[in-house]
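S.K.: Mind folding the following:
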Amino acid sequence: MDGFFAGIEQLALVRGLKASFVAYPIVNALHIMSIGALLTSVWLMDLRILGAFRSLPQAPFVALLRRTALAAFGGALVTGALLFSVRASEYAAMPIFLAKMTLILLAGANFLAFMRRAKGGEEPADGAATMLAVLSLMLWTAVLFAGRFIGFLG
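M.R.: Predicted coordinates:
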C-alpha cells in the first residue's frame with residue numbers, strides 16, 4: 001500500500017502542486033472556504049430542523065442549505081484530495097487522518113439515513129429528525145476538529 005501512496009505523490013499534477021509557490025496555498029484556501037461553507041450550511045440546516053429560525057419556512061430553507069452543503073462538500077472533497085496527494089504516504093499512516101475519514105463516512109451515512117427517512121422531500125416527522133440533526137452537528141464538528149489536528153500532528 002505504501003507504493004500506491006508514493007505513486008500518488010509522484011503524479012505530474014501533484015509534483016506541480018508541490019513545486020508551485022501559488023497553487024498549494026490557493027488549494028488550501030479553497031479547502032478552508034469549502035469547509036466553512038459546508039459547516040455553516042450544515043449547522044444552519046440542522047438548527048432549523050431542531051426548531052431554530054421558525055420565521056423561515058423549513059422545507060425551502062433546508063432544501064437550499066442541503067444543495068449548498070452538497071456543493072461545498074464537493075469542493076472540500078476535490079481540494080482535500082489534492083492536499084492529501086502532496087503527502088499521501090504520511091497522511092494515510094496518521095490515525096487522526098483515518099479518524100477524520102471515518103467521521104466523514106459516518107456523517108455521510110447519517111445524511112443518507114436522514115434522506116431515506118424523509119418522505120416526499122419532507123423531513124421525518126418523528127423524533128428521528130431531531131436525533132439525526134444532533135448527530136449531524138456532532139459528526140461534522142468532529143470532522144472539523146480532526147482536520148485541524150492533522151495540521152498540528154503532521
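S.K.: only C-alpha atoms for contact and neighbour calcs from this point on.
M.R.: Noted.
S.K.: Find me the pLDDT at the most centrally placed residue in the chain, would you?
M.R.: With distances taken as CA atoms, centre = their mean, F73 lies nearest the centre of the chain, 5.2 Å away. Note on F73: pLDDT of 96.
S.K.: What distance do you get for it to I104?
M.R.: As judged by CA to CA, to the nearest Å, F73 and I104 stand 10 Å apart.
S.K.: In contact with the residue nearest to the centre of the chain: list those residues for me.
M.R.: With contact set as CA atoms under 8 Å, 6 or more residues apart in numbering, F73 has these partners: 34-35, 38.
S.K.: can you pull the alpha-carbon coordinates of the helix or strand bottoming out on mean pLDDT in the chain into PDB?
M.R.: Lowest on mean pLDDT, DSSP states H and E among the helices and strands of the chain sits helix 2-9, with a mean of 87. Listed next in PDB are the C-alpha coordinates belonging to helix 2-9 (Å, rounded to 0.1, in the frame of the first residue of the first chain):
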ATOM      1  CA  ASP A   2       3.000   2.300   0.600                       C
ATOM      2  CA  GLY A   3       3.900   2.100  -3.000                       C
ATOM      3  CA  PHE A   4       0.400   3.200  -4.000                       C
ATOM      4  CA  PHE A   5       0.600   6.300  -1.900                       C
ATOM      5  CA  ALA A   6       4.100   7.000  -3.000                       C
ATOM      6  CA  GLY A   7       2.800   6.700  -6.600                       C
ATOM      7  CA  ILE A   8       0.200   9.300  -5.900                       C
ATOM      8  CA  GLU A   9       2.800  11.700  -4.700                       C
END
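S.K.: buried set for it?
M.R.: Going by neighbour count (16 or more other CA atoms under 10 Å), the buried part of helix 2-9 is 5-6, 8-9.
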